[in-house]
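Build me a model:
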Amino acid sequence: MARKWFQLVDVDGSAVTSAASTYVDIEDVDSLLDAVKKEYNDSYLAGIAAPDLTVFANRAAYDGHQKLPKASSSLAALGTDEDSPLIVQVPVRRRVDTDEQPPHKKARSSTVIEDEIIESIGHNLNIDAWHVGGIDLSIHKVESDFPEWFYVRKEALDIVKVFKAQMGARRNVVFVGTPGVGKSMLVVLFAFYMALIEKKRVVLFRKLKAVQPVGFSMLYLDAQSDPPVFWRMARAAISDIDRVENQNFELCLDGLPHKEVYDHFGTLGRFRLLATSAQYQMKDDDVHLRQCLVPFWSLSDLKVIGTHRKWSEQEIKDRYFYSGGNLRAFSSPKDGLKISTNQAIRVVDLDIATLLNTRYEGGAESHVDRLRMTGIKASGQSDLARDTNAYLDCSKWICVITSEYALRELSNIVKPSYYEELWRKASMLGDDGLKGIAFENYVHTLARDGKTIKLRVRPYDRVKVKQHTYEDLDIEPARYSNDGNDAAECDAAMKQFACSSDDYWYPSCHSLETIDSVAKLKIDGQSKVVGLIQITKSDKHTIDSKAINKYAGFFPNGCRYMALVLDMKTCDKFRLDPVSPDTEVPLDVAHFKEFPQSNTL
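Okay, the predicted model is just below:
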């Protein structure tokens, strides 16, 4: 079977759908039309026969009135990608139900929104009085993908200020950032705010990717009329925007990329707000347009959401391991998290891995957009005093990968310097969790590359002392292994490590309790003593004595627990929790003897 990209258009050339794809057994016009009819039989093509549709090779052919001449015309070289879809024109009778309907009358394809729902939404929309925390909104009764419990994070409060300031200056705003951080929800929220609080006439036009086939919806909010008018079209076309009788409305767009807006600029170019699914290409004459970054989510904020959903601490940790700061991924069904992350990183090579730390696009744009998280450089002030202008200033934006799983996978191709740079950026972002991820992967990558890890080590003081005596310790990983996707596989891997020639092992995932890796050490005059290593940037760490005792049983020739931190200052202060663990395994604390760029980490 062959995959074919196509787009439905109206008789005037307006997009009915965005580019979509289907599969055909035979690459000819007849097969394509049968497949398209099947996809849209219950919506746009209801009552329309497949032979009544007209096919064009691409948009240029459509504009030149050059349709494909025969039902048997070959499509082998056409419709091969989303950027150049086949154009399928829908006959005029598709729209007889709404063409002449004025906006205050319910169109057959639209649904009137009940007054009680509108009242309940408006009740909690005083966004100027909001503070950090969860709030119950009823927007999900109209836009079903909007959360019932909306968590207002600090960044959302900042963006409210940006929104109010830009609307006051009569500027248009494009919300940009990684897919899955909440851009769409903000546009939906602000659309209701403008309609119900500011009493403006608003049209919210959205691309719906969560439903199949992909299409558009349109929401009409008019609190100015007497009586007020509120309706929603579940299946809309771009041309429906022009059919609204009173064109004095604020247009809010969600999910449309720059190209789609540009292709229909006469209708869509007037937008007031846009949440785009990709980067928006600013032009020199966009003087009344501002881009506003919606940053990725912090672990602390995601923990609040997980706790509200009654997820265990371990489940929150497991989800964040894959999702990083992507709210949509964090909230997705758990069994699909690893699959979606793998799909995003499967084409990443060294060049693209480097590109992911920049704002530049590349050949694997969809994958780059999925993995790359963008945040705002910390100002050095308190969070509450953050300059909201930074949301509009791309020079203050920092791009990183935050998925620990993706970073773990990339450690197979990148150099240790990649994680030095990640630490530096995490420090600029003020993201302690990301700094910890960078430090751990830095150590693993040193071992993978066979580089000697020079440390200074001391015994852990169960009773705190003021002075410590350090000794040199080198980890010399001539051979390493990296496997184990769950607790059982990690246990098996450690048992195998005990009798193998490997010098360093770490798991493929984060299934170990209380340690991060295992290494063979030369310490206290003993050769190849096994070290159970916990890598942490903190000066304190919770230890699980039961887990340590279990791991010790895998190494009958002896082992030690070692907390590995970055510098001597942290090492001197280091404390375990509990301070005197219930274990006979010797406990050590170590730090890097010399770091090549001490001002970086």
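
Ala378 and Cys292, how far apart?
For Ala378, the distance to Cys292 (CB to CB, to the nearest Å) stands at 18 Å. All C-beta atoms are positioned from the backbone trio N, CA, C, and that covers glycine.

With neighbour numbers in mind, choose between those two.
More crowded of Ala378 and Cys292, by other CB atoms under 10 Å: Cys292, with 21 against 16.

if I read this right, the more buried one contacts Met167, doesn't it?
No: assessed by CB atoms under 8 Å, Cys292 is found out of contact with Met167, at 11.5 Å.

Dihedrals phi and psi, Leu221?
Main-chain torsions, Leu221, degrees, to the nearest 10: phi -120, psi 110.

and it, how many residues sit next to it?
27.

next one: Ala76
Ala76, neighbours per other CB under 10 Å, totals 10.

Is it correct that it is in contact with Glu27?
Yes: applying CB under 8 Å, one finds Ala76 in contact with Glu27, separated by 4.7 Å.

where do the contact lists of these two overlap?
Ala2 (CB atoms under 8 Å, 6 or more residues apart in numbering).

Where do the strands of the stretch 451-600 of the chain begin and end?
Taking DSSP state E, counting those that start in this stretch as the criterion, the stretch 451-600 of the chain carries its strands at 453-459, 471-475, 480-482, 504-506, 517-523, 526-535, 540-542, 559-565, 575-577, 587-592.

Would you tell me which of those gets closest to Val174?
Val174 sits nearest to strand 526-535 of all these, at 40.2 Å, using CB to CB.

and the closest one, C-alpha only, in PDB?
The C-alpha trace of strand 526-535 is given here as PDB (Å, rounded to 0.1, in the frame of the first residue of the first chain):
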ATOM      1  CA  GLN A 526      41.900  -4.000  47.000                       C
ATOM      2  CA  SER A 527      41.600  -4.500  43.300                       C
ATOM      3  CA  LYS A 528      38.300  -4.500  41.500                       C
ATOM      4  CA  VAL A 529      36.100  -3.700  44.500                       C
ATOM      5  CA  VAL A 530      32.600  -3.000  43.200                       C
ATOM      6  CA  GLY A 531      31.300   0.500  43.800                       C
ATOM      7  CA  LEU A 532      27.500   1.100  44.000                       C
ATOM      8  CA  ILE A 533      27.500   4.700  42.700                       C
ATOM      9  CA  GLN A 534      24.800   7.300  43.300                       C
ATOM     10  CA  ILE A 535      25.500  10.400  41.100                       C
END
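
Report the separation between Asp81 and Phe56.
16 Å.

neighbour-wise, which of the two wins?
Phe56 (23 against 10).

Enumerate every residue touching that one.
62, 66-68, 86-89.

Out of the residues you listed, which sit inside helices?
Among the contacts of Phe56, DSSP state H puts Tyr62 in helices.

May I ask which two of the contacts of Phe56 are separated the most?
Taking CB to CB, the two most distant members of these are Gln66 and Val88; they sit 14.4 Å apart.

Looking at the two, which is more packed in?
Taking other CB under 10 Å, Gln66 and Val88 do not tie; Val88 has more neighbours (26 against 12).

Touching, that one and Val29? I think so.
No: using CB under 8 Å, Val88 is not in contact with Val29; the gap is 9.8 Å.

shared neighbours, these two?
Val55.

got the contact list for Asn441?
By CB under 8 Å, 6+ apart, the contact list for Asn441 reads 407-408, 411, 419, 422.

On the three-state scheme, it is what?
Three-state call for Asn441 (DSSP: H, G, I helix; E, B strand; the rest coil): helix.

And it, how far from Val400?
The span separating Asn441 from Val400 equals 12 Å under the rule CB to CB.

any shared contact partners between the two?
Common contacts of Asn441 and Val400 (CB under 8 Å, 6+ apart): Leu422.

ok, back up a step: show me the common contact partners of Cys292 and Met167, please.
Counting by CB under 8 Å, 6+ apart, the residues touching both Cys292 and Met167 are Val173.

Any idea how far the helix or strand containing Trp231 is from the middle of the chain?
Element membership of Trp231 [criterion: DSSP states H and E] is strand 229-236. Taking the mean of its C-alpha atoms, strand 229-236 sits 29 Å from the chain's own mean (CA atoms, centre = their mean, to the nearest Å).

in stretch 336-348, what's buried?
337, 340-341, 344-345, 348 (16 or more other CB atoms under 10 Å).

just how off-centre is that stretch within its chain?
Worked out by CA atoms, centre = their mean, stretch 336-348 lies 12 Å from the chain centre.

wait, what's in contact with Asp432?
Counted by CB under 8 Å, 6+ apart, Asp432 has contacts 426, 537.

repeat for the one 3 residues further on
Applying CB under 8 Å, 6+ apart to Lys435 gives the contacts 423, 426-427, 537.

How about it, nearest residue that isn't a chain neighbour?
The shortest distance from Lys435 to any non-neighbouring residue, by CB to CB, 6 or more residues apart in numbering, is to Ala426 (4.3 Å).

what ranges do the helices span in the stretch 201-350 of the chain?
Counting by DSSP state H, counting those that start in this stretch, the stretch 201-350 of the chain has helices at residues 239-242, 258-263, 265-268, 299-308, 313-323, 327-331, 334-345, 350-355.

Serialize the ones you listed to TSV and add fields for distance to Gly215 and mean pLDDT.
Shown next, in TSV, are those (distance: least, CB to CB, whole Å; pLDDT from 0 to 100):
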stretch	distance to Gly215	mean pLDDT
helix 239-242	12	92
helix 258-263	13	87
helix 265-268	16	92
helix 299-308	29	95
helix 313-323	27	91
helix 327-331	20	93
helix 334-345	22	77
helix 350-355	31	67
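
Just put those helices in JSON lines and tack on distance to Ala195.
Compiled in JSON lines, those are given as follows (distance: least, CB to CB, whole Å):
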{"stretch": "helix 239-242", "distance to Ala195": "16"}
{"stretch": "helix 258-263", "distance to Ala195": "22"}
{"stretch": "helix 265-268", "distance to Ala195": "19"}
{"stretch": "helix 299-308", "distance to Ala195": "27"}
{"stretch": "helix 313-323", "distance to Ala195": "33"}
{"stretch": "helix 327-331", "distance to Ala195": "25"}
{"stretch": "helix 334-345", "distance to Ala195": "34"}
{"stretch": "helix 350-355", "distance to Ala195": "40"}
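
quick revisit: quick one: strands adjacent to the strand holding Trp231?
strand 110-112 (antiparallel), strand 215-222 (antiparallel) (DSSP bridges).

Fine by me, thanks again.
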